[in-house]
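**Student:** Here is the input, now give the coordinates:
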Amino acid sequence: VVQSRSQALDVPGRVDLRSVRRRGLASAFAGVYEGMAFVNRRPITPPGSLSSMSHRPDPHRGHALILNYTATSYHWGCYGTSVSIYESLTRAGYAVMSLPVEITHAITTTPASAEDLERAAFQESFESANTLACQMMRDVDLVVINGEGTLHRDHAGSRNLLAMAYIAAARYGRPVHMVNHSCFPNGDNAEATPEVEALYRTALGACTRRVAREPLTKRHCERWGLEAAQGFDCLPDWLERHAPDLRHAPSRANVLIAGGVGWYEQVSEFFAEGLKLLPADWDIRFLGGGPPPEPGRGQRTQNRRLPPGPPPGTPSPQCANDWLAEIASASLLITGRFHHAVAAAALGTPFISIASNTPKPNGVTELLDMPEPLDPFAPTLTEDLRLRLDTALAGGAPATTPAQQRLVRELAQANFGWEQTQEA
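**Tutor:** Modelled structure (predicted):
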């Protein structure tokens, strides 16, 4: 999918936040996509390249900018979602540029409130401090925001992304599509403080279109009086276009473990205790989202706690195809990682979901009418996991039906409103 993920993680494939702050936005971003010219092992124009503007789709509808682009950040799931958005825009006739998620988090002109966001003085200050980003938002015909999981809680990253959405829409009059996004202003599924709620409502309300990747986010938008389309994460669309025949097909009895976000040592130990119920002849493998150093400390803890036997495997997929093939080949996936669960849902791999840093996995299981994710911080985690494993080993592991696999692909494509109309 990319020549190698290790290349994608190193400069020039990734923006270093320290260099952004030290050298400024324009110079740090100038070489982000050099060398990133292979998708599915075929040469393409590098997504978001500042020099790719001469590559005009036919018919040409104008220029689009993707904000919060994650193809060169985080892991293979985020890679697939951003590339899917990029490819959709090119199919629709846009020449595409992008600003990576690291830029979102590096911005220091952060709005303090909805009132601050609406003030001309703040907007002018934002322009002065983020000249290149604002020039790109102002000069394109369509702004697409890859929301992913950035919009949660009251941190600078979420405020910065909301500011870019509002300024692109309200100050520059650009059509802004907030797609592929989860939104949890309080971090959980509760309402946040009135000040935080107002900031989210104001910025999202300025967007032309909002697409929620699970139903919990859709309900947050609706309680603010904002219409939101029910979509899904974009990963199943990438899968459909680049590996359409890949489905769950285990070659041996094996369990794939993907861990979770923010687990500390004791959580990993409780989790590993529950895994001792697995049959001795089952292979156990640990799969991160990308290459080493994932899966890290949690895996080492689990290794110490697992029953005696052959050491667990640690596959290190070098492209998104390989990562998805690992999930497809598992008899059972146990994961607290969002994109691993999304991949399993699209492939039909049975999976046990574990809650994450926001309720986004809960939204996936609700959409698919599957058991709620386990709480990794519950004192009963070991017993809860053993009960789920009992059910799975008896042949009752939850897995998506072919109809649900088609559904998540259709909902993934709901993000691409620009393909459905000739008017952005």
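**Student:** In a strand, Y79, correct?
**Tutor:** No: Y79: not assigned to a strand; according to DSSP: H, G, I helix; E, B strand; the rest coil it is helix.
**Student:** Could you verify my assumption that it touches Y69?
**Tutor:** No: contact between Y79 and Y69 fails when scored by CB atoms under 8 Å: they sit 10.2 Å apart. Where C-beta positions appear, they are placed from N, C-alpha and C, glycine not excepted.
**Student:** With neighbour numbers in mind, choose between the two.
**Tutor:** Using other CB atoms under 10 Å as the criterion, Y79 and Y69 rank with Y69 on top: 31 against 27.
**Student:** backbone phi and psi for the nearest residue to the more buried one once chain neighbours are set aside, please?
**Tutor:** Sequence neighbours aside, S98 is the residue nearest to Y69 in space, at 3.9 Å (criterion: CB to CB, 6 or more residues apart in numbering). Per-residue torsions, S98: phi -150, psi 160 (degrees, to the nearest 10).
**Student:** Please name the bridge partners of S98.
**Tutor:** For S98, the beta-bridge assignment (DSSP bridges) gives partners I66.
**Student:** change the start of the numbering to 57 and stick with it
**Tutor:** Will do, 57 is the new start, and the previous item becomes S154.
**Student:** burial of it, as a residue count?
**Tutor:** 31.
**Student:** what do you get for A185?
**Tutor:** 14.
**Student:** got a list of what it touches?
**Tutor:** Neighbouring residues of A185 by CB atoms under 8 Å, 6 or more residues apart in numbering: 163-165.
**Student:** out of those residues, which are buried?
**Tutor:** Buried by 16 or more other CB atoms under 10 Å: I163, out of these.
**Student:** Of the contacts of A185, just say which sits nearest to I390.
**Tutor:** Closest approach to I390 among these (CB to CB): I163, at 36.6 Å.
**Student:** All the strands of the stretch 157-306 of the chain, in order from the start?
**Tutor:** Per DSSP state E, counting those that start in this stretch, the stretch 157-306 of the chain carries strands over the ranges 198-208, 232-240, 265-268, 285-286.
**Student:** Tell me which residues of stretch 320-336 come out buried.
**Tutor:** Neighbour counts over stretch 320-336 (16+ other CB under 10 Å) mark 323-331, 333-334 as buried.
**Student:** Output that stretch as PDB - backbone C-alpha positions only.
**Tutor:** Provided in PDB are the C-alpha atoms of stretch 320-336 (Å, rounded to 0.1, in the frame of the first residue of the first chain):
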ATOM      1  CA  TYR A 320      -1.600   0.700  32.500                       C
ATOM      2  CA  GLU A 321       0.200  -2.300  33.800                       C
ATOM      3  CA  GLN A 322      -2.500  -3.600  36.100                       C
ATOM      4  CA  VAL A 323      -5.200  -3.500  33.400                       C
ATOM      5  CA  SER A 324      -2.900  -5.500  31.100                       C
ATOM      6  CA  GLU A 325      -2.400  -8.000  33.900                       C
ATOM      7  CA  PHE A 326      -6.100  -8.400  34.500                       C
ATOM      8  CA  PHE A 327      -6.700  -8.800  30.800                       C
ATOM      9  CA  ALA A 328      -4.000 -11.400  30.400                       C
ATOM     10  CA  GLU A 329      -5.400 -13.400  33.400                       C
ATOM     11  CA  GLY A 330      -8.700 -13.700  31.500                       C
ATOM     12  CA  LEU A 331      -6.900 -15.000  28.400                       C
ATOM     13  CA  LYS A 332      -5.700 -18.100  30.300                       C
ATOM     14  CA  LEU A 333      -9.000 -19.600  29.400                       C
ATOM     15  CA  LEU A 334      -7.900 -20.000  25.800                       C
ATOM     16  CA  PRO A 335      -7.200 -23.600  24.700                       C
ATOM     17  CA  ALA A 336      -3.500 -24.500  24.900                       C
END
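**Student:** Surely the residue nearest to Y125 and T126 touch.
**Tutor:** No: S154 is beyond contact range of T126, at 9.6 Å (criterion: CB under 8 Å).
**Student:** Between those two, which contacts overlap?
**Tutor:** Jointly contacting S154 and T126 under the rule CB under 8 Å, 6+ apart are S138.
**Student:** Buried residues in stretch 225-238, which are they?
**Tutor:** 225-228, 230-238.
**Student:** And for stretch 171-189?
**Tutor:** Across stretch 171-189, burial judged by 16+ other CB under 10 Å covers 172-174, 178-179, 182-183, 186, 188-189.
**Student:** Where does the prediction get shaky in the protein?
**Tutor:** Low-confidence segments of the chain (pLDDT under 70): 57-114, 346-368, 477-480.
**Student:** 80 instead?
**Tutor:** Scanning the chain for pLDDT under 80 picks out 57-114, 315, 317-322, 344-369, 477-480.
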